[in-house]
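Peer 1: based on what follows, work out the 3D shape:
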Amino acid sequence: MSKVSPWKSEACKLESVPLDFGDYHPLKPITVTESKTKKMNRKGSTSSTSSSSSSSLMDPLSSVLDGTDPLSLFAAAADPVTTAPPTDGARRKRDKDESSAVGSDFEPWSSKRGEILARYTTTEKLSIVSGGCLPSAVSEKVRTRLEELDDLEEGSQKELLNLTQQDYMNRIEELNQSLKDAWSSDQKVKALKIVIQCSKLLSDTTVIQFYPSKFVLITDILDTFGKLVYERILSMCVDNRVSLPDNFSPESVNDTAKETCLNWFFKIASIRELIPRFYVEAAILKCNKFLSKTGISECLPRLTSMIRGIGDPLVAVYARAYLCRVGMEVAPQLKESLNKNFFDFLLTFKQIHGDTVQNQLVVQCVEIPLYLTLYSPAIDWILQCIAYHAPDVLLTEMMERCKKLGNNALLLNSVMSAFRAEFIAARSMDFIGMIKECDESGFPKHLLFRSLGLNLALADPPENDRLQILNEAWKVITKLKNPQDYVNCAEVWVEYTCRHFTKREVNTVLADVIKHMTPDRAFEDAYPQEKFLPFLDMFQKESVRVEVCKCIMESFINALTLEDEKRMLAALINGFIKMVSFGRDFEQQLSFYVEARSMFCNLEPVLVQLIHSVNQLAMETRRVMKGNHSRKTAAFVRACVAFCFITIPSLSNIFTRLNLYLHSGQVALANQCLSQADAFFKAAVSLVPEVPKMISIDGKMRPSDAFLLEFLCNFFSTLLVVPDHPEQGVLFLVRGLLNVIQDYTWEDNSDDKVRIYTNVLHLLSAMTQEAFIYHVDKVDSNDTLYGGDSKFLAEINKLSETVVSQILDHLKTLGKEETLKRQSQLALYFFNTILAHGDLRNNRLNQLSVNLWNLAQKHGFADTKTMVKTLEYIKRRSKQPEMSHFSDLALRLPLQSRT
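Peer 2: Alright, predicted model coming up:
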């Protein structure tokens, strides 16, 4: 206890207001003066011997059970619930404080948990003390709950030795599950025993390099316990099935819940060892809300002072980190305890270099640099909590105190990691001065410059200081011999150099990087993909970036590259191509695409992307000119069209070629390049006979008929607006396509040929209209060229008769028994086509439709539901003006039952 007094005196100097620990906690009446009362042993207690021995030593931390029973003292103390009502000013202040919750910009502890567990590992053997009661049944009912608690502290326990790290973690997880099982089976005292036992483990530093991970595992159990206790008491506050609101006041808590809450604090107050008593009470800190409005604000300073009794500085700093963590969760507005924890840590920071710690490190064969890194998670967390929404005045005070009381490299690194980047950047020269003067103590200065550089990447320093900052940092970085250490720092400061300086400084830095990373090909280990791609992003000038990427691709892509690698590389290259833009310099953009085509001619997905990009470039030119091309822009779009026309034949996939011919022809047509559009469409027509019967889809062979049908339907839609060539005759493209379809060898069990012919009828029907249903801007289609000329219409009628005869011939071939169902379906499909597109006032067409209707029902395979709806549609149409002929048609269409 001799160490505690000077700490308390120092703490008084740091605070302007004395601490008020509250009246209701049982530890309040403990003093160092000798007690005159006799010790009263409880009946059946197993702890009399150990209690007596601890009393004779006059240890104030274990003399809780000397003299008056603390539970009696607790009950006799003033009731914390019956506090005087606050003034209006105090109420307004409290409401304002409670409204200041932690926002989404605060990095939670959960995000740090995995990193700590992954970083702090060990191969040493671990041990864990396990109470013999854990796996057994419930203790005898004759024991009182307090006696059961004593039995844990002093009763039978066993120590599990020689555990691996994974065994240790599994054992901790078993304890966590035992806690949940005990709680769910209403064994609350057993649950408390488990939590106390786990908390004791945090005083063990025999495998010191594992301590941060142990802290994470144990505090998970404490968090679970705190949540269970809080939810248990909260559930007792439900009145008439109405639960308490989130911002409830102690006055709305019923007496039963308050009594249960007090009982939990009574139990915890009776834990004689400091560390478990501290951790368990901190875990249920939130429960103070049920007792008093000021309970949390009174407990935080007292718990902060309790940590002064922990002698090991590593154990103490993690205890402070846990208290700050709980404090930020339950009362983030109470910043005083956060600051006090950090200031107390600074006062004891020199203990790290004391004989006790040094002897411990010698025994465990741990070097001081490794030992110092164990402090980082705790210090970083404490500083993060303090710096959250803190004013610059407070941060400045923190910085000065760090400099005055312990200008240590580890501490300075944590400050730069936790404080706002703007604050660090504005005081960059001050931090550089602290870095130069700080006590490294095993924490290298180049890591401090890296942390400073990370902040300067987020915020700009004063302009007048920028060059001096770079010089000071690079003096340290360039002296590093280890390539990995060097590049870890250099990569941060290269970005700073590129942002604030000219080519001269950037070249100087890059030359230094090459000098350090070239020997022994060290760069191969230093630049994995996640760092190399951001490095390429620093080449801001497009022409330079293209040259760099060209060099890279020439090195990595060749004829021996595997298909999977080609697909991956093509996806990356396509992403790059999409990002390259020369603005309104369309000619430069096209030149880039031409050069890219020559470089990536063996990557088919890249060629496809280039064709799409050039088509998009042509359409963008049309948009800029609003469709009215000048001589220059007309020549440019023709160049784009030529690029596509000579690139498409180099592709291997036939449907990719067909679709790109169609797409490029549409682009040419939109830009009034009529002869070029005809060339694309002719190429597509001539390619149809080459379509194979089976194609590979996702590694499996599938029939190609459905894909060909889809393409031809799109093609027909485009042919409607394509004007006839003056030298090629009427509907020369349609005639050529029909000849190709006629000669194409279709599968015997396929009806796609008939479906294609019916789509041709849709096209021919649309061509007979005086004005087509859609047009291409500034392109005269056949409705304008022929103007409804009778010879043109006669040609359409002749083509229609030919197509209809082809459909009927196919229907006749389906008269066999095994194909009657297909015949019925196709007959109804053809009937609907005539109904939608034909002029049924024509007697021949009217009679054909009736024959198709009867054929669909002839053999009992008709879709009766569809035919009923079709007949209803005809009857509705007959009621419209000039549609009386539909009435006659409806009378001639009987419905037959399937029987």
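
Peer 1: which parts of the protein are strands?
Peer 2: Ranges of strands in the chain, per DSSP state E, are 126-131, 157-163, 694-697, 700-703.

Peer 1: where among these is average confidence lowest?
Peer 2: If you rank the strands of the chain by mean pLDDT, strand 157-163 sits at the bottom with a mean of 58.

Peer 1: pull the helix or strand with minimum mean pLDDT from the chain.
Peer 2: helix 48-56 (a mean of 34; mean pLDDT, DSSP states H and E).

Peer 1: from Ile386, how far off is the residue nearest to Ser297 when sequence neighbours are not counted?
Peer 2: Residue nearest to Ser297 in three dimensions, not counting chain neighbours: Leu334, with 5.7 Å by Cβ to Cβ, 6 or more residues apart in numbering. No exception for glycine: its C-beta is placed from N, CA and C like everyone else's. For Leu334, the distance to Ile386 (Cβ to Cβ, to the nearest Å) stands at 12 Å.

Peer 1: and Asp724, how close does it get to Val688?
Peer 2: In terms of Cβ to Cβ, Asp724 sits 20 Å off from Val688.

Peer 1: pull up the gap between the closest residue to Thr121 other than its chain neighbours and Leu228, please.
Peer 2: In this structure, Thr121 finds its nearest non-sequential neighbour in Gln165, 6.1 Å apart by Cβ to Cβ, 6+ apart. Going from Gln165 to Leu228 by Cβ to Cβ gives 27 Å.

Peer 1: more crowded one of these two?
Peer 2: Counted by other Cβ atoms under 10 Å, Gln165 and Leu228 do not tie: Leu228 has more neighbours, with 20 against 17.

Peer 1: any idea of the pLDDT on the nearest residue to that one once chain neighbours are set aside?
Peer 2: Nearest non-adjacent residue to Leu228, counting by Cβ to Cβ, 6+ apart: Trp183, 5.2 Å away. At Trp183, the model reports a pLDDT of 89.

Peer 1: my read is that Trp183 contacts Leu192, right?
Peer 2: No: counting by Cβ atoms under 8 Å, Trp183 does not reach Leu192; the two are 9.7 Å apart.

Peer 1: of those two, which one has the most company?
Peer 2: Set Trp183 next to Leu192 and count neighbours by other Cβ under 10 Å: Leu192 wins out with 24 against 19.

Peer 1: got a list of what that one touches?
Peer 2: 149, 225, 267-268, 280 (Cβ atoms under 8 Å, 6 or more residues apart in numbering).

Peer 1: report the central residue of this protein.
Peer 2: When Cα atoms, centre = their mean is applied to the chain, the residue found nearest the centroid is Ser111 (12.6 Å).

Peer 1: of Leu334 and Ile386, which one has the most company?
Peer 2: Per other Cβ under 10 Å, whichever of Leu334 and Ile386 has more neighbours is Ile386, with 21 against 15.

Peer 1: surely Val195 meets Ile221?
Peer 2: Yes: the criterion here is Cβ under 8 Å, and Val195 meets it with Ile221 at 6.5 Å.

Peer 1: spit out the residues that contact these two alike.
Peer 2: When contacts are counted by Cβ under 8 Å, 6+ apart, Val195 and Ile221 are jointly contacted by Leu179.

Peer 1: picking up where we left off before, pLDDT score for the residue nearest to the centre of the chain?
Peer 2: 84.

Peer 1: check Ala639 too.
Peer 2: At Ala639, pLDDT is 94.

Peer 1: dump the residue contacts of it.
Peer 2: Leu590.

Peer 1: circling back to that earlier point, what's the most distant pair in the contacts of Leu192?
Peer 2: Leu149 and Phe225 (14.6 Å; Cβ to Cβ).

Peer 1: show me which of these two is the more surrounded one.
Peer 2: Phe225 (25 against 20).
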